[in-house]
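# sequence-free structure coming up:
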């Protein structure tokens, strides 16, 4: 038992002093013999906890937000053309696009804060239905449905990452996800579900007037 | 079982009946098309510019991510490049807004951007290298804008000078391009001189100046 305790103590001290050892190694060499490669101090980084195991997932999530951001931008564009002419819907999707873009940047900053790096080629984890994934010229009710699905997918992925963070015992990542993603995601999902429900109930015989009024309402609340 | 069948039938009837009165689409209005006077080559090249601007935004974002790394640790550079990424995204949105104003983008908006976006560089040796890449990127964007101006001023085989777009691109876009390029060139000059003699120390000092908005 004592031996185990000592072993454990030694392990803790060594793992806590990797960077210090690197520095000692570099500093003990003669100045002339130090090559620039030796100066990297590879253990002097910000990594701790589960970031190594979570990095790829977080990169994929950031890329998922970037892709979603551009999809919303194109949806917004569609409602901005003179034939659709729905400024409320246009503003709604532009706002969602801006928010996804900002979140991706925030997540990239977080990955680097934890000693990781960003890989923009890491494909998003969630797979979309190939057939209709990139059709963005939609009617008002279809667009709300698509927006709701897409936000729910991001929210579900957020929950999955939270479980992963707990699995790798990294409460810092879990907390970050809760604060920056999970909280606002439940808000946005609820708002979009509410919009869909409202519009659905009004789409009967006089859909064009209902959509016009609903669009005006969207313009006012945004 | 019979009762159940009747129940299912009744339910499906309600489903069908309600979908009859549920209108998802509205009939399009009759709008004359003549007011949309942009010509095809000009529309095409302006639409392509959206991709160019987004690609620039993504490149800047990659630079921002690189300089935010713990082992690189240049928060000033990171902030500068992320700000540039946001600006490039706004340029793309400005181009889209212009096309919408002129009655374009009524179909195939999905073609404006292709997913997944093409891959981009992720490593830069130092601040000077990144700023130099940025200057080259901006120079290319300026060339693209000039090309759009030329195409829209004198489109091939079509006698239509798009005065308004040409004026907009010249006044708004080129103005920003040239000012931005001068700013980058100046930064490369100052930082380049400091790094020539002081290497990382020069870069460190310059980074803090950038971070505090002093340069």
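Yep, it's here. As the structure is a prediction and not an experimental result, all values here were calculated from the model. Numbering: from 1, shown residues only, chains lettered A, B, ... in the order given.
# can we go C-alpha only for contacts and neighbour counts from here?
Noted.
# next, the nearest residue to residue B:93 once chain neighbours are set aside: phi, psi?
Of all residues not flanking residue B:93 in the chain, residue B:50 sits nearest, at 7.7 Å (C-alpha to C-alpha, 6 or more residues apart in numbering or on different chains). Reported as degrees, to the nearest 10, the phi and psi values for residue B:50 are phi -60, psi -40.
# I figured residue B:50 was touching residue B:111, is that so?
No. Using C-alpha atoms under 8 Å, residue B:50 is not in contact with residue B:111; the gap is 10.4 Å.
# those two: which is more packed in?
Between residue B:50 and residue B:111, counted using other C-alpha atoms under 10 Å in any protein chain shown, the more crowded position is residue B:50 (21 against 16).
# how about the contacts made by the more buried one?
If you count contacts by C-alpha atoms under 8 Å, 6 or more residues apart in numbering or on different chains, residue B:50 has them with B:92-93, B:95-96, B:112-113.
# where along chain B do the helices fall?
In chain B, helices defined by DSSP state H lie at B:2-21, B:40-67, B:75-101, B:127-153, B:163-168, B:175-211, listed in chain order.
# ok, residue B:149 - contacts?
B:165-166, B:169-170.
# of these, closest to chain A?
The nearest member of the contacts of residue B:149 to chain A, counting by C-alpha to the nearest C-alpha, is residue B:165 at 17.5 Å.
# need the pLDDT of the closest one.
Note on residue B:165: pLDDT of 98.
# ditto for residue A:144
For residue A:144, pLDDT reads 97.
# how about it, secondary structure?
helix (DSSP: H, G, I helix; E, B strand; the rest coil).
# and for the nearest residue to it once chain neighbours are set aside, the neighbour number?
Sequence neighbours aside, residue A:196 is the residue nearest to residue A:144 in space, at 5.9 Å (criterion: C-alpha to C-alpha, 6+ apart). Neighbour count of residue A:196, defined by other C-alpha under 10 Å: 19.
# do the same with residue B:168
13.
# how much space between it and residue B:100?
With distances taken as C-alpha to C-alpha, to the nearest Å, residue B:168 is found 14 Å from residue B:100.
# got it, and residue B:50?
Taken as C-alpha to C-alpha, the span from residue B:50 to residue B:100 is 13 Å.
# could you export the contacts of residue B:50 as a markdown table, including pLDDT and neighbour count?
What follows is these, written out as a markdown table (pLDDT from 0 to 100; neighbours: other C-alpha atoms under 10 Å in any protein chain shown):
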| residue | pLDDT | neighbour count |
| --- | --- | --- |
| B:92 | 98 | 21 |
| B:93 | 98 | 19 |
| B:95 | 98 | 19 |
| B:96 | 98 | 24 |
| B:112 | 93 | 14 |
| B:113 | 91 | 18 |
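# and the two most separated of those?
Maximum pairwise distance in the contacts of residue B:50, criterion C-alpha to C-alpha, is 13.1 Å, between B:95 and B:113.
# what parts of chain A come near chain B?
With C-alpha under 8 Å from any C-alpha of the partner chain as the criterion, chain A meets chain B at residues A:45-46, A:67, A:70, A:74-75, A:77-78, A:80-83, A:105, A:108-109, A:112-121, A:134-137, A:139-142, A:203-205, A:207-208.
# now intersect the residues you listed with the helices, please.
Short answer: those in helices (DSSP H) are A:67, A:70, A:74-75, A:77-78, A:80, A:105, A:108-109, A:112-113, A:140-142, A:207-208.
# okay, helices next: where are they in chain A?
A:2-16, A:18-28, A:51-80, A:87-113, A:140-167, A:171-177, A:183-202, A:207-221.
# highest average neighbour count across those?
helix A:51-80 (a mean of 23; mean count of other C-alpha atoms under 10 Å in any protein chain shown).
# let me know the angle separating it from helix B:75-101.
Following axes from the mean of the first three to the mean of the last three C-alpha atoms, to 10 degrees, one obtains 20 degrees for the angle between helix A:51-80 and helix B:75-101.
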